[in-house]
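Asks: Next input, structure requested:
(4 chains)
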There are 2 protein chains.
Amino acid sequence: MKPYVLVIEDEDAILTLLEYNFRKEGYEVGLATDGEMGLLMASERTPDFIICDWMMPKLSGVEVCRRLRRRDETRATPIIMLTARGEEADKVTGLDFGADDYIVKPFSVPELLARVRAVIRRSAPSLLEDVIRHGTLEIDLKAMRVKYAGQDLHLGPTEFRLLEHFMRSPSRVYSREQLLDKVWGRDVYVEARTVDVHIGRLRKALKSMGGHDPIRTVRSAGYAFETSVLSD
Amino acid sequence: MKPYVLVIEDEDAILTLLEYNFRKEGYEVGLATDGEMGLLMASERTPDFIICDWMMPKLSGVEVCRRLRRRDETRATPIIMLTARGEEADKVTGLDFGADDYIVKPFSVPELLARVRAVIRRSAPSLLEDVIRHGTLEIDLKAMRVKYAGQDLHLGPTEFRLLEHFMRSPSRVYSREQLLDKVWGRDVYVEARTVDVHIGRLRKALKSMGGHDPIRTVRSAGYAFETSVLSD
DNA sequence: TAGCTTTCGCAAAACTTTCATAATTCTGTT
DNA sequence: AACAGAATTATGAAAGTTTTGCGAAAGCTA
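Replies: Now for the predicted structure:
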């Protein structure tokens, strides 16, 4: 559920710096030390955005950009280029090749993070949101709190993540297996029926504060979260 | 009702990989370990698209392609070829022989899935649609909801799939046997008359919300879904 | 121990299938 | 045209099956 950032950069020092700082900001980080590796990693898991060095052995940053733009999954993925001071003049080229922003080395970490937030705000604002609201129900992801009709609502960790997932993608049906994938994690071996129990607990918690049950059971298919009953 | 993909590939590892991933994406998967078996399976049930390895024992991928193109049912079926890196130069030949796209091994799963979606988008976009509408009746396949004249309409799983099938291919008559095949699944042993009961229930549900009955009974032949009575 | 998560089992609910019978449509004949 | 009889479909109800809700117990982890 955290944003996944892919850093493609051949200088170890910068790689480490960025990894540390992005982690601290709550991103998941993928590291690639050259362009080819970057492309490979980008196709294994589509990043939410990409930091890419301009000058690299093998594939240049421009080339990486170009190739990423040719693929459907990464066509719209924000890319921020890192360029050394002398290369500044090329900035137009970088943006032409599909980068969304560029930043000159040496850069300050806060500056980079600010740029990143700016870029994300343009392309996928929901990743930055600390709180998601639907009607009178709101979930604060950073503070890990849920409020319903102004009242605090306590949920266990699993119910919290379940609600988070539902609030992020409401209205569509997820099978128990899909929910296990998305909420529990890929390689967790848990009985599918366990989902029922947590759905039940989430329902009970929500109902305990009045209002209708926003979770719709779809027989022989799974569950869906309906925002429509959460009146404002 | 899920898209049916036929994978023809002699390497077990890849076969398993593709089966797992296509299943997860909601496709039905047929597996063939050589060209001959692939052709056989393609004639038993016409796939929505085909993934076919280039180099295979017995029949090569090119030959499989060619033969599939000679048959009426598979003449237009999209085919994606899997080629090893060195064979890249032959790509033109592959496409000439009727493949719609090709992808080089080793490939990333998201990349393959993206290509598949692209190919389907060209050839049978309705398979990717989330909602199908005819007049005032709409069925949302992801949310698994049916709306009629703006109102929510609850259907049981079988009625839902039945309606899905009718909405996908309206205006033509299906025999009870064909409906059992398409809606219930190939290897289900159910009395043909059972279809009547479900048709009846679907009709009742639709009629309960006013409007005319869009299902036409064709005596001694089956049923057809008429969109014309679903005024806008 | 407290606070969760997971599994289990049973009852309730939702759905399917089959069957019997009523209703309809068709066919051939007068 | 009209009618009987045959064929086919509609439908209500019963029986059977599958799936879900829920309480409770057992298992984890800090």
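Asks: make it CA atoms for all contacts and neighbour counts henceforth
Replies: Will do.
Asks: Pull up the residues of chain A that are close to chain B.
Replies: Counting by C-alpha under 8 Å from any C-alpha of the partner chain, the positions of chain A adjacent to chain B are A:40, A:43-45, A:71-73, A:171-173, A:218-220, A:224.
Asks: And those residues, which of them are buried?
Replies: Taking 16 or more other C-alpha atoms under 10 Å in any protein chain shown as the criterion, what is buried in the residues of chain A next to chain B is A:43, A:45, A:73, A:171-173, A:218, A:224.
Asks: Considering only those residues, which also neighbour DNA strand C?
Replies: Among those, none lies close to DNA strand C by the criterion of C-alpha under 7 Å from any atom of the strand.
Asks: And those, which is closest to DNA strand D?
Replies: Closest approach between those and DNA strand D, by C-alpha to the nearest atom of the strand: residue A:218, at 5.9 Å.
Asks: Take the residues of chain A next to chain B and write them to JSON lines, including secondary structure.
Replies: Below are the residues of chain A next to chain B laid out as JSON lines (DSSP: H, G, I helix; E, B strand; the rest coil):
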{"residue": "A:40", "secondary structure": "helix"}
{"residue": "A:43", "secondary structure": "helix"}
{"residue": "A:44", "secondary structure": "helix"}
{"residue": "A:45", "secondary structure": "coil"}
{"residue": "A:71", "secondary structure": "coil"}
{"residue": "A:72", "secondary structure": "coil"}
{"residue": "A:73", "secondary structure": "coil"}
{"residue": "A:171", "secondary structure": "coil"}
{"residue": "A:172", "secondary structure": "coil"}
{"residue": "A:173", "secondary structure": "coil"}
{"residue": "A:218", "secondary structure": "strand"}
{"residue": "A:219", "secondary structure": "coil"}
{"residue": "A:220", "secondary structure": "coil"}
{"residue": "A:224", "secondary structure": "strand"}
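Asks: among those, which two are most distant?
Replies: Farthest-apart pair in the residues of chain A next to chain B is A:40 and A:219; separation 39.6 Å (C-alpha to C-alpha).
Asks: for the residue in chain A positioned nearest to chain B, what are its contacts?
Replies: Going by C-alpha to the nearest C-alpha, chain B is nearest to residue A:172 of chain A, at 3.9 Å. By C-alpha atoms under 8 Å, 6 or more residues apart in numbering or on different chains, the residues touching residue A:172 are A:224-225, B:142-144.
Asks: Give me the buried subset of those.
Replies: A:224-225, B:143-144.
Asks: Looking at the residues you listed, which are in strands?
Replies: A:224-225 (DSSP state E).
Asks: ok, which pair from the buried ones among the contacts of residue A:172 is furthest apart?
Replies: So, those by C-alpha to C-alpha: farthest apart are A:225 and B:144, at 11.7 Å.
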